[in-house]
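Q: what would the 3D arrangement of this be:
(chains A and B)
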Protein chains: 2
Amino acid sequence: MNLHNNCSEVLIRAATGGDSAAIWKVIEPSIRAGETYTLPRDLSEGDTLDYWFSLGHAVFVALHEDEIVGSYYLRANHAGAGSHVANCGYMTGPWASGRGVARAMCRHSLDQARTRGFLAMQFNIVVSTNERAVRLWQFMGFRIIGRIPQAFRHPTEGLVEAFVMYRTL
Amino acid sequence: MNLHNNCSEVLIRAATGGDSAAIWKVIEPSIRAGETYTLPRDLSEGDTLDYWFSLGHAVFVALHEDEIVGSYYLRANHAGAGSHVANCGYMTGPWASGRGVARAMCRHSLDQARTRGFLAMQFNIVVSTNERAVRLWQFMGFRIIGRIPQAFRHPTEGLVEAFVMYRTL
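A: Okay, here's the model as predicted:
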């Protein structure tokens, strides 16, 4: 039987220090655009990677045809009595969008979070104008449990709403 | 005219390093009880004060009859495009509860946040069983904009809901 697969495979593995330059290449465009994350738009490569690889972040990379095209971190959203809820940040290189990279990373992160004993996952500030992400997270089982008015200063849209999104694991 | 005032006054001022021991005395009981904050219950004095005085935290103390009975920090809830929303953490020494200390700190923090140019204030994880705090924040103009199921592992109640609370400034 000859299986036909239209989707090129996305592979996910744990990141190493040697991936830093490739991760920066993935992350930098999103930081500079300033439309989706609350990292300062002028954040340096060093400060960005320090943040990405913060203590308590498990960092992964997504590969497509042996090239790093995405990265995400998984962490506890809070310490102590809130440490059973996971949080993630995902970035896809803009040249690789539309290939299911974010979806693959999210699926991987849900498995990782379950394996590590987390009971739920929460995103704290999903920008409402990032409609593609909102739809993807909903597809992945997250629901909007909070709406924060004017939470995000979008570079062209001004102050826009953001969502708290959540799912159990 | 003889004005009569039943309320002993609560004074708020910026904290200094010399206040650390008194702040720890205020904070420690709440951390050890583990019913309201997501700091680890066994967090040491040094780690707690490092957190309380984190870079980016403006720290204040509340005094009642020259004794430090409360402390709070004010910070940006997010960096970059989310940095116009403030966040605070308030602690009152259990021996001083019921004297309006938290209310005075909250009022002070709203003024401070306005002065510093913040446009709104958000609390990320108000434990639902902390009914007194929820009522106080509502009295101070905050509303519940999100409900996080099973967000907080309460030492006697188990996994309980927490609220995202928000107000404009």
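Q: count the neighbours of residue A:111 for me.
A: Residues lying near residue A:111 (other C-beta atoms under 10 Å in any protein chain shown) number 12. Backbone N, C-alpha and C define where each C-beta goes, glycine included.
Q: check the secondary structure at it for me.
A: What DSSP: H, G, I helix; E, B strand; the rest coil gives for residue A:111 is helix.
Q: residue of chain A nearest chain B, please.
A: Residue nearest to chain B within chain A (C-beta to the nearest C-beta): residue A:146, separated by 2.1 Å.
Q: over to that residue: give its phi and psi.
A: With angles defined as degrees, to the nearest 10, residue A:146 sits at phi -160, psi 150.
Q: chain neighbours aside, what residue packs nearest to it?
A: Using C-beta to C-beta, 6 or more residues apart in numbering or on different chains and skipping residues adjacent in sequence, the residue nearest residue A:146 is residue B:146, 2.1 Å away.
Q: pLDDT wise, what is that neighbour at?
A: Residue B:146 carries a pLDDT value of 98.
Q: that one pairs with what?
A: residue A:146, residue B:164 (DSSP bridges).
Q: and it, how many neighbours?
A: Per other C-beta under 10 Å, the neighbour tally for residue B:146 reads 25.
Q: what do you get for residue A:17?
A: As a burial measure, residue A:17 scores 8 neighbours (other C-beta under 10 Å).
Q: check the one 3 residues further on too.
A: When neighbours are defined as other C-beta under 10 Å, residue A:20 has 18 of them.
Q: which bits of chain A sit near chain B?
A: Residues of chain A found near chain B (C-beta under 8 Å from any C-beta of the partner chain) are A:34, A:37-41, A:43, A:78-85, A:119-120, A:122, A:124-125, A:145-155, A:159, A:162, A:164, A:166, A:168.
Q: which of those fall within strands?
A: Residues of those located in strands (DSSP state E): A:85, A:120, A:122, A:124-125, A:145-154, A:159, A:162, A:164, A:166, A:168.
Q: what comes up buried for stretch A:112-126?
A: Within stretch A:112-126, the residues scored as buried using 16 or more other C-beta atoms under 10 Å in any protein chain shown are A:112-113, A:118, A:120-126.
Q: er, stretch A:17-37 actually
A: Using 16+ other C-beta under 10 Å as the test for burial, stretch A:17-37 gives A:19-20, A:22-28, A:30-31, A:34-37.
Q: and which of these is nearest to residue B:56?
A: Nearest to residue B:56 among the buried residues of stretch A:17-37 is residue A:37, at 17.5 Å by C-beta to C-beta.
Q: which non-adjacent residue is nearest that closest one?
A: Using C-beta to C-beta, 6+ apart, the closest residue to residue A:37 is residue A:30 (6.1 Å).
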